[in-house]
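[1] output the structure for:
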Amino acid sequence: MKTTMKTAMFAMGAAAMMMSAPAMAGGSSGGSSGGSSGGNCSACDRDGLISALNNLDAEISQLDLLENISDIYIVDTADVLRGGLLNNLIFNNLLNLNILKINLLQSVLSDFTLIDFDGTLIDVGDILSNNDVDVSDVVAVDVQDDDSVIIWHK
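    Coordinates of the predicted model:
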């Protein structure tokens, strides 16, 4: 019992340290991707998810300022967390800390339209629906420097 308690306390302490340290955007491991184009998404990894959750206010603002979108990646958080205990503790703590921001993001995305480089209107709700993702499952968004958007869902 004491070992389990120590392990849980260590994991919670590590999660607190991870949340207090600034996470690096755009991980280098090449992570999984799953979006409208099926292209490679280098920031679709655990570090990208944690960074997006830590910077949710800024990401929502960047989404509002985005004029032309180059690509959209729809990424399942389970694909990048891979069931690790520490990863899931960090993720769940970040979800709890950011629940109001996540609700705001979901509200924004529910009727959000983007314009791609061809001038075509893109309804984010339709893209989510076409990928079997409900807007209420979206937990984070990450606007990249190349005007691509990563939408993280659970």
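
[2] mind saving the C-alpha coords of stretch 126-143 as CSV?
    Provided in CSV are the C-alpha atoms of stretch 126-143 (Å, rounded to 0.1, in the frame of the first residue of the first chain):
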residue,chain,number,x,y,z
ASP,A,126,-18.5,19.5,-40.6
ILE,A,127,-14.8,18.5,-40.6
LEU,A,128,-15.2,17.2,-37.1
SER,A,129,-18.4,15.3,-38.0
ASN,A,130,-16.7,13.8,-41.1
ASN,A,131,-14.0,12.4,-38.8
ASP,A,132,-16.6,11.0,-36.2
VAL,A,133,-15.6,13.6,-33.6
ASP,A,134,-18.2,15.6,-31.7
VAL,A,135,-17.3,19.2,-30.8
SER,A,136,-17.9,18.3,-27.1
ASP,A,137,-14.9,15.9,-27.4
VAL,A,138,-12.5,18.6,-28.4
VAL,A,139,-10.0,19.5,-25.7
ALA,A,140,-7.4,21.7,-27.4
VAL,A,141,-6.4,23.4,-30.6
ASP,A,142,-3.0,24.4,-31.8
VAL,A,143,-2.4,26.9,-34.6
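
[3] quick check: buried residues in that stretch?
    Within stretch 126-143, the residues scored as buried using 16 or more other Cβ atoms under 10 Å are 127-128, 133, 135, 138-143. No exception for glycine: its C-beta is placed from N, CA and C like everyone else's.

[4] show me what the one helix or strand residue 127 maps to packs onto, helices and strands only.
    Secondary structure from DSSP states H and E places residue 127 in helix 124-130. Helix 124-130 sits against strand 71-76, helix 99-110, strand 148-153, with contacts defined as 3 or more Cβ pairs under 8 Å, 6 or more residues apart in numbering; DSSP states H and E.

[5] can you give me the strands for the protein?
    All strands of the chain, identified by DSSP state E, fall at 68-69, 71-76, 113-116, 121-123, 138-143, 148-153.

[6] output those strands in CSV; the columns should cover distance to residue 107.
    Compiled in CSV, the strands of the chain are given as follows (distance: least, Cβ to Cβ, whole Å):
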stretch, distance to residue 107
strand 68-69, 20
strand 71-76, 18
strand 113-116, 14
strand 121-123, 15
strand 138-143, 10
strand 148-153, 14
